[in-house]
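A.B. asks: Sequence first, predicted coordinates after that:
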Amino acid sequence: MDREGKQANTTIEKEEMLRQESFPLNDDNQYYELPPASSAYTEVTKRAVEWALHSQSVKNAPDPDQLSSGAVCLHWKWDKEIVIGMAKATICTGQHPAVWKRASRVVMPKPGNDDYTKLRAHHTISLPCCMGKVIEKVVTDVL
């Protein structure tokens, strides 16, 4: 049941209700322009990318793009400059590739609730793509 008392019965209705609750559209569904790219990419260092990559578990399951952290770490061993270049290019252009924005979402029941038919008795966990997490950590480090 959502906040308005509407009940979902089918799996599709439940998925849609959870999506609307967890990821609402912004006001008037406005489109916001990306800020122009600056010189922040020049501050992307080998150390920052390496830390961002190796701070993740290599035991995780493949992401929606079927690329696990272990695979990216292996690529790092073979050619660090390619991975660093991808991070720099993403920050330089101000464009985060769409494939890296995709995430798997898992709905989990909150422990200790009496009524699991209510939407608020669950929470959503987002599992983003490995390279998306790396870029986010590098940007955080640069900022």
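C.D. replies: Here it is on my side, so go on.
A.B. asks: Using CSV, write down the CA coordinates of the helix or strand of the chain with the lowest mean pLDDT.
C.D. replies: Lowest mean confidence among the helices and strands of the chain (mean pLDDT, DSSP states H and E): helix 11-22, at a mean of 73. Presented in CSV, the C-alpha positions along helix 11-22 are these (Å, rounded to 0.1, in the frame of the first residue of the first chain):
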residue,chain,number,x,y,z
THR,A,11,4.1,-7.9,-9.5
ILE,A,12,4.1,-5.2,-12.2
GLU,A,13,2.0,-2.9,-10.1
LYS,A,14,4.3,-3.5,-7.1
GLU,A,15,7.4,-2.7,-9.2
GLU,A,16,5.8,0.5,-10.5
MET,A,17,4.7,1.6,-7.1
LEU,A,18,8.2,1.0,-5.6
ARG,A,19,9.8,2.8,-8.6
GLN,A,20,7.6,5.9,-8.1
GLU,A,21,8.2,5.9,-4.4
SER,A,22,11.9,5.4,-4.5
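A.B. asks: So which elements touch it?
C.D. replies: strand 122-128 (3 or more Cβ pairs under 8 Å, 6 or more residues apart in numbering; DSSP states H and E). C-beta here means a position set from N, CA and C on the backbone, and glycine is covered the same way.
A.B. asks: buried set for the strand it packs on?
C.D. replies: Across strand 122-128, burial judged by 16 or more other Cβ atoms under 10 Å covers H122, P128.
A.B. asks: Ok, stretch 107-125 next?
C.D. replies: L119, H122.
A.B. asks: Please compute how far it lies from its chain's middle.
C.D. replies: On the basis of Cα atoms, centre = their mean, to the nearest Å, stretch 107-125 sits 22 Å off its chain's mean C-alpha point.
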